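Next comes the sequence, and after it the predicted model I'd like to discuss.
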Amino acid sequence: MRKGQTFISCEECSSRSASLFNVVCGKQLSEISQNKSCTIYKKGQILFHEGTRPLGVFCVNKGKIKVYKIGFDGKEQIVNIIGAGGLLGYKAMLAEEPYSVSAETLEDCTICFLSRPNFLQALSDSSDLNRRIMKQVCHEFGIMTESLTNQAQRTVRERLAITLLKLKDTYGLDYHENGPVEINLTREDLANIVGTATETLIRLLHEFKDDKLISTKGRKISIDDLEGLVKTANLY
């Protein structure tokens, strides 16, 4: 086994319940497990670049990945944060198109890779996985449409509140016991998700703290008033 590589069987994967592969079992799951590779990535490593050709899919066992595009001005626009159980690269691969986004680790991660032939074979062997993947594609299209609407029609304050609520769910997968969920992102990355200047984001976070909606410890953010944040997001 090469340096940086490890092995995690799909049957014993702690993140499989949150994965699209959770509908696969028995012999089919064993074949996927045997055909994949598992790699330990350090914070800040690139999984793939926008414009390159997909060779397979990445399944996150542990850690967080930011998915982003580079705008005409050279600035990052983060379109998603992927946590444990997340699957990356399958849409570009199924469409037989280059990646429309880039992916970079936000922290140390353990990620499994399944090559294109093996992934397509898994889809062919499992009608449940095939349906689950198609359902996820449709779901993500709906999220993208909602996100575009939010950017156009909602205030920055509302967009920040919505973003924090979504990130609470993503980071919450790491917390198996009672206790506050801590969102651990740089202010610049958070501003890129919301679609605003870093200075504006910092000012709004201070307002949210004054309103006792959140608390912070360093760059970590905890949500203290979930109902209040939902009201701020104008989701009622």
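Good, I have the coordinates.

Check what pLDDT residue 1 gets.
In the predicted model, residue 1 carries a pLDDT score of 55.

ok, now the one 3 residues further on?
Per-residue confidence for residue 4 comes out at a pLDDT of 72.

now the nearest residue to it once chain neighbours are set aside, which residues is it bridged with?
The shortest distance from residue 4 to any non-neighbouring residue, by C-beta to C-beta, 6 or more residues apart in numbering, is to residue 40 (5.3 Å). Where C-beta positions appear, they are placed from N, C-alpha and C, glycine not excepted. Going by DSSP bridges, residue 40 is paired in beta bridges with residue 110.

Does residue 40 touch residue 105 like I think?
No - using C-beta atoms under 8 Å, residue 40 makes no contact with residue 105, being 10.2 Å away.

neighbour-wise, which of the two wins?
residue 105 (19 against 16; other C-beta atoms under 10 Å).

does the more buried one have beta-bridge partners, and which?
residue 65.

Show the model's pLDDT score for it.
For residue 105, pLDDT reads 96.

Off-centre distance for stretch 182-193?
Once both centres are worked out by C-alpha atoms, centre = their mean, to the nearest Å, stretch 182-193 turns out to sit 13 Å from its chain's centre.

Any idea how far apart the tips of that stretch sit?
With C-alpha to C-alpha, to the nearest Å applied, stretch 182-193 spans 17 Å between its terminal residues.

mind listing what's buried in that stretch?
182, 183, 184, 185, 189, 190, 191, 192, 193 (16 or more other C-beta atoms under 10 Å).

wait, which of these is closest to residue 36?
Using C-beta to C-beta, residue 184 is the member of the buried residues of stretch 182-193 that lies nearest residue 36, at 27.5 Å.

Let me see the contact set for the closest one.
Residues near residue 184 by C-beta atoms under 8 Å, 6 or more residues apart in numbering: 64, 106, 107, 171, 219, 220, 221.

Please repeat the previous calculation with a cut-off of 10 Å.
By C-beta atoms under 10 Å, 6 or more residues apart in numbering, the contact list for residue 184 reads 64, 106, 107, 167, 171, 174, 217, 218, 219, 220, 221.

Return the residues in contact with the residue nearest to residue 4.
3, 4, 5, 6, 61, 62, 63, 108, 109, 110, 111.

with those residues in mind, which one is nearest to residue 33?
residue 61 (12.0 Å).

Go ahead and report the secondary structure state at the closest one.
strand (DSSP: H, G, I helix; E, B strand; the rest coil).

Show me how to select, in PyMOL, the buried members of the contacts of residue 184.
Per 16+ other C-beta under 10 Å, the buried members of those correspond to this PyMOL selection:
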select buried, resi 64+106+167+171+221
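
just to revisit the earlier point, common neighbours of residue 40 and residue 105, please.
Joint contacts of residue 40 and residue 105 (C-beta under 10 Å, 6+ apart) are 63, 111.

thinking again about what came up before, so which of the contacts of residue 40 comes closest to residue 54?
The closest of the contacts of residue 40 to residue 54 turns out to be residue 111 (C-beta to C-beta; 14.6 Å).

Distance of that closest one relative to residue 160?
29 Å (C-beta to C-beta, to the nearest Å).

Domain boundaries for this protein, per the record?
5-150, 154-232 (automatic domain parsing).

returning to that earlier point: could you identify the least confident member of the contacts of residue 184?
Where pLDDT dips furthest among the contacts of residue 184: residue 174, at 62.

Any regions of the chain where pLDDT drops low?
Applying pLDDT under 70 to the chain flags the ranges 1-3, 142-152, 173-179, 236.

Just the strands from it, written as ranges.
Ranges of strands within the chain are 5-6, 37-41, 46-48, 56-62, 65-70, 76-82, 87-88, 102-105, 109-115, 182-184, 214-217, 220-223, based on DSSP state E.
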